[in-house]
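> I need the structure of the sequence given here:
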Amino acid sequence: MTILKLISCTVDDDNVAAFTASQCAWQQLENCSGFLAQAGGWRADLNKLPLQNYAAPLHDKNINTAVVFGFWQSVEDVTAFMQTTHDQIFTTNHQGKTYQTCQVKYFEMLPTSSNLVVAHLNSEIISISHYVADLAQMAQLQQLYFDNYSSKGLIDCQLLRLSCSLKSQASAQEDTNVEAKVEFMLVCWWSNQQKVVLMQNKIQPKQEQQGQLTALSEQVIKLEAKWNVQARAIEIAKDIAD
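Predicted structure coming up:
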């Protein structure tokens, strides 16, 4: 099952350039076993779209949030990477000195979409939303996105579930008493920023009015093309097909 490693880092204004430079060093991922693709960018304020610069801080004018999406073929692949190559790259690029805080979550990509592409590197912006729900509810919401926006700038809408196998032991023990409702995430890849504004104005109020799902949190990420990484094996296969 495909695994998404979701990384969120807070970065002050003085370190934005250094963080970006360090992030570009992760191009070495392209040769790692089990790696599929990586994309990322800066969290944006939806009310300030379209953006002209790298970021639009939400709370403190001096703090920016970088969000990185890393896709792997399996739990085993990302686990092996974290135990070996990760620290070599991280230490060499000195990225640890460029951010204030870092949060990592792992999600399992559910096979509810026929699209086999995990990271749409031609996208301009990503919207992500978190829910606590059951799978049937989330599948219906995902289909609603496809039905309303596939012809209006939505490139893909991915449904993911918080990974149990990659959480801490304490969290895993707590899950034994949890009902069928768990944390899900919708990751929507958009062709441009204006389409995200359209989506927020149309689909979210409709969901709330009908008493359906309400997102626990929402983010909009303006992607940085320089952060894109694609597995070398995938690039070679693409060249052969062309």
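> how far away is the residue positioned nearest the centre of the chain from residue 131?
The residue lying closest to the centre of the chain (CA atoms, centre = their mean) is residue 69, at 4.1 Å. Per CB to CB, to the nearest Å, residue 69 is found 18 Å from residue 131. C-beta: built from backbone N, CA, C; applies to glycine.
> Need the three-state assignment for residue 137.
With DSSP: H, G, I helix; E, B strand; the rest coil as the basis, residue 137 sits in helix.
> cool, and residue 77?
For residue 77, the assignment made with three-state DSSP gives helix.
> Please work out how many residues are found near it.
For residue 77, the tally of surrounding residues (other CB atoms under 10 Å) stands at 17.
> And it, how close does it get to residue 143?
Plainly put, residue 77 is 29 Å away from residue 143 if you go by CB to CB.
> How about residue 128?
Residue 128 is 18 Å from residue 143, by CB to CB.
> likewise residue 155?
In this view, residue 155 and residue 143 are 16 Å apart by CB to CB.
> between these two, who's got more neighbours?
residue 155 (18 against 14).
> can you give me the strands in the chain?
3-12, 35-44, 63-72, 101-109, 125-133, 154-162, 182-190, 217-223, 229-230 (DSSP state E).
> now those strands in JSON lines, with distance to residue 86 and mean pLDDT?
Rendered in JSON lines, the data for those read as follows (distance: least, CB to CB, whole Å; pLDDT from 0 to 100):
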{"stretch": "strand 3-12", "distance to residue 86": "10", "mean pLDDT": "95"}
{"stretch": "strand 35-44", "distance to residue 86": "11", "mean pLDDT": "94"}
{"stretch": "strand 63-72", "distance to residue 86": "10", "mean pLDDT": "94"}
{"stretch": "strand 101-109", "distance to residue 86": "11", "mean pLDDT": "95"}
{"stretch": "strand 125-133", "distance to residue 86": "23", "mean pLDDT": "92"}
{"stretch": "strand 154-162", "distance to residue 86": "21", "mean pLDDT": "93"}
{"stretch": "strand 182-190", "distance to residue 86": "22", "mean pLDDT": "93"}
{"stretch": "strand 217-223", "distance to residue 86": "22", "mean pLDDT": "90"}
{"stretch": "strand 229-230", "distance to residue 86": "14", "mean pLDDT": "94"}
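> among those strands, which is nearest residue 87?
strand 101-109 (14.0 Å; CB to CB).
> one step back: residue 24: which of the strands of the chain is closest?
Among the strands of the chain, strand 229-230 sits nearest to residue 24 (CB to CB), with 9.2 Å.
> Tell me which residues touch the residue lying closest to residue 139 once chain neighbours are set aside, please.
Distances taken as CB to CB, 6 or more residues apart in numbering place residue 112 nearest to residue 139, at 5.6 Å, with adjacent residues excluded. By CB atoms under 8 Å, 6 or more residues apart in numbering, the residues touching residue 112 are 139, 142, 159.
> rewinding a little: would you mind measuring from the residue nearest to the centre of the chain to residue 193?
According to CB to CB, residue 69 and residue 193 sit 18 Å apart.
> beta partners of the nearest residue to residue 43 once chain neighbours are set aside?
Spatial nearest neighbour of residue 43, excluding adjacent residues (CB to CB, 6+ apart): residue 65 at 3.9 Å. Residue 65 forms beta bridges with residue 10, as assigned by DSSP bridges.
> Is it correct that residue 65 is in contact with residue 12?
No: Residue 65 is beyond contact range of residue 12, at 11.0 Å (criterion: CB atoms under 8 Å).
> More neighbours: which of the two?
Taking other CB under 10 Å, residue 65 and residue 12 do not tie; residue 65 has more neighbours (21 against 15).
> Can you name the residues bridging to residue 6?
In this structure, residue 6 bridges to residue 69, residue 105 when assessed by DSSP bridges.
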